[in-house]
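K.L.:
no FASTA, just this:
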């Protein structure tokens, strides 16, 4: 899950971090072997002997409501990394010599070389998960090692990049440019045998979960006035740490099943079907009220309630300043900033500009979708995409720059007073209806969609090449990786603040 937000933000966004200056590439870091199977901690219980009675039976641990996360299949040849957009701060992970802008996908030769060297696992092993952050990137290899690159001003890289001693040159320091533009592993996670399966990122806040359902978080949150910090009393968390409020309690088996990130907030979904949120809550993206004078309280995770019955959740998603959940009956819930109808819950008066508590997205019920159901949600600054199990896509929110993938004459705009936004989800049409969509990603104003056949589509606005085509604006989905022909098939993509990443498979 992802999230990556923007360096070019709306008026209520915090300023983007500034680039850092710098110093020599570190020696290759080896990583610990991955754990092959997830383990479940079992609750212990003492037998109580009652006079003249049989001992009480040992308590039985119920199966998880949501499964633990698992690694994806390891394809051969191994998956290669491509990048496009703006890489001025090393977020491409191609080294200090490949910065600037790219208006079409370019293969990451550093990743290719490390595949050949066997760095990422067994012979031919590549990457298995990618996330574009605000001005940084996260990669997970086949061993479950997390690699990071890009801007580290607010601790987004999960490692120290300044004043790092050069082991080969006593008294000297490693070059910061090399430490930030060349991917490096999060050695602290390697040292604790943390086998990452999923990562998520906002502007400068990042999280990872393991195959055992453990959570690690690092970075910093921001609010309108500037830095909110990582937690009460701590501005930046440079190394991954567990969140105390979510750690195991004696006898408790609740683990983290998935994660999602907005620009400056996080959501976690647990194996019990609970949702916890924390971070910036100025636009109600946490699903609870955070007092203006007590914003730091938002950095403590709290449970989100879906309706009066507190339904269990099975999926979560996020836009820059809004959040989503899918419950166990298939209903979609949205909350947070709704100034352009991006929560999909409708917009009739100015009172609807912020959705304080989770509300149902009525247009996406199973009844409305004729039995189909939403399985993935991702959003940008003011728009949202919803992917269904049948491979269909729906969108809502701001549409002034093609964010929704709708043509000017789309029926969604008919009779609308303001055609710049659509307040409830509407279908998005693709050139090949027989090739279903299997994966989506949204940046601040851009979008990517991967099909079952390996095609990759883009649409929206990309002023720095993040669409992967020379055009600044693309109103309807345009193919940039073909299903037929060509040398590569798309497997996944992730939109960052100013850049886009893709995992491609050699055909």
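P.N.:
Cool, the structure landed. Small disclaimer: the values here were computed from a predicted structure and weren't measured.

K.L.:
So, low pLDDT: which residues of the stretch 51-200 of the chain?
P.N.:
51-63 (pLDDT under 70).

K.L.:
List the buried residues of the lowest-mean-pLDDT helix or strand in the chain.
P.N.:
Sorting the helices and strands of the chain by mean pLDDT, DSSP states H and E puts strand 226-229 at the bottom, at a mean of 88. For strand 226-229, a neighbour-count test (16 or more other Cβ atoms under 10 Å) marks 228, 229 as buried. Heads up, the C-betas are built off the backbone N, CA and C, glycines and all.

K.L.:
Give the pairing partners of it; include direction for each.
P.N.:
Applying DSSP bridges, strand 226-229 is found paired with strand 221-223 (antiparallel).

K.L.:
how much space between residue 153 and residue 136?
P.N.:
10 Å (Cβ to Cβ, to the nearest Å).

K.L.:
Please name the residues that touch the closest residue to residue 455 other than its chain neighbours.
P.N.:
Distances taken as Cβ to Cβ, 6 or more residues apart in numbering put residue 483 closest to residue 455, at 4.1 Å, once the chain neighbours are dropped. Counting by Cβ atoms under 8 Å, 6 or more residues apart in numbering, residue 483 touches 432, 435, 451, 453, 454, 455, 489.

K.L.:
State whether residue 295 is indeed within a strand.
P.N.:
No. In this structure, residue 295 is helix, not part of a strand, as judged by DSSP: H, G, I helix; E, B strand; the rest coil.

K.L.:
got a list of what it touches?
P.N.:
Applying Cβ under 8 Å, 6+ apart, we find residue 295 in contact with 223, 228, 280, 281, 282.

K.L.:
Which one of these is nearest to residue 354?
P.N.:
residue 282 (9.4 Å; Cβ to Cβ).

K.L.:
I'd guessed the closest one sits against residue 225; true?
P.N.:
No. Judged on Cβ atoms under 8 Å, residue 282 makes no contact with residue 225 at a distance of 9.6 Å.

K.L.:
if I read this right, residue 507 contacts residue 488, doesn't it?
P.N.:
Yes. Shown here, residue 507 and residue 488 form a contact pair, counting by Cβ under 8 Å, at 6.4 Å.

K.L.:
shared neighbours, the two?
P.N.:
With Cβ under 8 Å, 6+ apart, residue 507 and residue 488 have common neighbours residue 454.

K.L.:
Which of those two has more residues huddled nearby?
P.N.:
Per other Cβ atoms under 10 Å, whichever of residue 507 and residue 488 has more neighbours is residue 488, with 18 against 10.

K.L.:
And the residue lying closest to the more buried one once chain neighbours are set aside, how far from residue 79?
P.N.:
Once flanking residues are discounted, residue 488 sits nearest to residue 504: 4.2 Å by Cβ to Cβ, 6+ apart. Distance of residue 504 to residue 79, computed by Cβ to Cβ: 7 Å.

K.L.:
just residue 325 next, same as before
P.N.:
On the measure of Cβ to Cβ, residue 325 and residue 79 end up 29 Å apart.

K.L.:
Repeat that for residue 480.
P.N.:
17 Å.

K.L.:
The two: which is more packed in?
P.N.:
Set residue 480 next to residue 79 and count neighbours by other Cβ under 10 Å: residue 79 wins out with 26 against 21.

K.L.:
In terms of packing, which of residue 282 and residue 225 has more residues around it?
P.N.:
residue 282 (21 against 9).

K.L.:
burial of residue 472, as a residue count?
P.N.:
Counted with other Cβ under 10 Å, residue 472 comes out at 14.

K.L.:
So for it, what's the nearest residue that isn't a sequence neighbour?
P.N.:
Computed as Cβ to Cβ, 6+ apart, the closest residue to residue 472 that is not its neighbour in sequence is residue 463, at 5.6 Å.

K.L.:
now do residue 262
P.N.:
residue 318 (4.2 Å).

K.L.:
Quick check: that neighbour touching residue 268?
P.N.:
No. The pair residue 318 / residue 268 is not scored as a contact, 11.2 Å apart, by Cβ under 8 Å.

K.L.:
So between those two, which is more surrounded?
P.N.:
residue 318 (31 against 25).

K.L.:
Which neighbouring residues are in contact with that one, exactly?
P.N.:
3, 260, 261, 262, 265, 267, 285, 324, 377, 378, 379.

K.L.:
element containing the second one, please.
P.N.:
Meaning residue 260. strand 256-261 (DSSP states H and E).

K.L.:
Packing partners of that strand?
P.N.:
strand 196-201, strand 205-210, strand 265-270, strand 313-318 (3 or more Cβ pairs under 8 Å, 6 or more residues apart in numbering; DSSP states H and E).
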